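# Generate a structure from the sequence data that follows.
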Amino acid sequence: MSLDTTTREVIENHLQQNKVVLFMKGTPEQPQCGFSATTVGMLNQLLPEFHSINVLADEAIRDGIKIFGDWPTIPQLYIDGELVGGCDIITGMFNSGELHEMLGQPKPDRSPPEITITDLAAKNISEAMSGHDDMALHFTIDNGWQARFQLGAAEGHEIEVVANGMKILMDVPTAQKAKGAVIDWVNTLEGEGLKIDLPGAPKPVGQLSVTELKQRLDKNEILLLDIRNQQERALATISGAETLDKAMLEKLENMPKDTAMAFLCQHGNSSQGAAEHFRRKGFTNIHNVAGGINAWSLEVDNSVAQY
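Residues are numbered from 1 along each chain as shown. This is a model prediction of the structure:
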């Protein structure tokens, strides 16, 4: 299958105008597949921003980029116009430090984190591993700070941690998140199982009602970020809201991580994804405006149009 000239030119323009380009499903704020989310998580740790193209929004690009780089899957990462690879390759390069080097960043800290595994947790994990002596125990913490154990072959790039007599393998992002982790075995009304406490995990995104938002805006206690596009903002706006554009993204990178921020969209759905994105980047005082600007119109200021 050949690539039409128009699509090739569009792809080449993206690559010529941007050092780092990620062709992905969804956006960095709202990835639409796990592989894209994983890749975004790694890039977010290395760069304040990067150029991304949502292939789900353009079928010609979605099919064309696979032909352009002779690479069958999405996401695809390009640096300086050259294809780096997909999620698996990028993950390996991140863990080895090669990706850091390509992007001019210091190599990652590979120090094993100190973690605690209680006796009861160690006993139950060991029993679950019985009969799988040829497999390694892997511990992963994803971009949303969800932790899990799994059995699998060692790949060679992992960081080895020994706790309570157990050998555990972690990738670099997990090792950085796992510092101080406490792994216990508990009984609850729902049953028994592992309980994993991650001290470094950011607080969950808070849900802020529009009346609470009004009170905090009046006191100048919170930064309101409107993620809607220009056409939507022309239909309805809240006084004092900042547009979440490229300039604001750069500004946010230099703000203290405890800055109080609230994210706004039409109904409070897309803004949840944007808020989660900044939570994963280490911001600790993040809120989503429940009900969005439509709720503001209904409950606070009916002069703001509904659409």
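# use CA for all of it now, contacts and neighbours both
Will do.
# Name the residues that touch the worst-scoring helix or strand of the chain on mean pLDDT?
Taking mean pLDDT, DSSP states H and E as the measure, the chain has helix 246-253 as its least confident helix or strand, at a mean of 86. When contacts are defined by Cα atoms under 8 Å, 6 or more residues apart in numbering, helix 246-253 is touched by residues 48-49, 242.
# ditto for stretch 33-51
18, 20-22, 24-26, 28, 31, 74-75, 87, 90-91, 94, 100, 103, 105, 142-143, 173, 250, 253, 281.
# Keep only those of these that are in strands.
Among the contacts of stretch 33-51, the members falling in strands (DSSP state E) are 20-22, 24.
# Which of those sits closest to residue 275?
The shortest separation between residue 275 and any of the ones in strands among the contacts of stretch 33-51 is 19.5 Å, and it belongs to residue 24 (by Cα to Cα).
# Could you give the number of residues near that closest one?
If you count neighbours by other Cα atoms under 10 Å, residue 24 ends up with 27.
# next one: residue 247
For residue 247, the number of neighbouring residues by other Cα under 10 Å comes to 9.
# Okay, now the unreliable bits of the stretch 1-150 of the chain?
Applying pLDDT under 70 to the stretch 1-150 of the chain flags the ranges 1.
# Let me see the ranges of the strands in it.
20-24, 51-54, 76-79, 82-85, 116-117, 136-141, 147-152 (DSSP state E, counting those that start in this stretch).
# can you redo the ones you listed as JSON lines with distance to residue 181?
Listed next are those as JSON lines, based on distance: least, Cα to Cα, whole Å:
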{"stretch": "strand 20-24", "distance to residue 181": "32"}
{"stretch": "strand 51-54", "distance to residue 181": "33"}
{"stretch": "strand 76-79", "distance to residue 181": "32"}
{"stretch": "strand 82-85", "distance to residue 181": "32"}
{"stretch": "strand 116-117", "distance to residue 181": "6"}
{"stretch": "strand 136-141", "distance to residue 181": "11"}
{"stretch": "strand 147-152", "distance to residue 181": "10"}
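# among the ones you listed, which is nearest residue 168?
When the strands of the stretch 1-150 of the chain are ranked by proximity to residue 168, the top entry is strand 136-141, at 5.3 Å, counting by Cα to Cα.
# mind listing what residue 261 touches?
Contact analysis of residue 261 by Cα under 8 Å, 6+ apart lists 222-225, 285-287.
# repeat that with 10 Å
Residues near residue 261 by Cα atoms under 10 Å, 6 or more residues apart in numbering: 221-225, 275, 278, 283-288.
# now do residue 71
If you count contacts by Cα under 10 Å, 6+ apart, then residue 71 has 65, 83, 85-86 around it.
# tell me the secondary structure for residue 186?
strand (DSSP: H, G, I helix; E, B strand; the rest coil).
# Pull out the buried residues from the least confident helix or strand of the chain.
When burial is assessed from 16 or more other Cα atoms under 10 Å, helix 246-253 yields the following buried residues: residue 252.
# cool, and stretch 186-204?
194, 196, 198, 201-202.
# can you redo the residues you listed as JSON lines with secondary structure?
What follows is the buried residues of stretch 186-204, written out as JSON lines (three-state DSSP):
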{"residue": "194", "secondary structure": "strand"}
{"residue": "196", "secondary structure": "strand"}
{"residue": "198", "secondary structure": "coil"}
{"residue": "201", "secondary structure": "coil"}
{"residue": "202", "secondary structure": "coil"}
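# SS state for the closest residue to residue 300 other than its chain neighbours?
Nearest residue to residue 300, sequence neighbours excluded (Cα to Cα, 6 or more residues apart in numbering): residue 211, at 6.6 Å. Of the three states, residue 211 takes helix under three-state DSSP.
# follow-up on the earlier one: max pairwise distance over the ones in strands among the contacts of stretch 33-51: which two?
Between all members of the ones in strands among the contacts of stretch 33-51, the longest pairwise span (Cα to Cα) is found for 20 and 24 and amounts to 12.6 Å.
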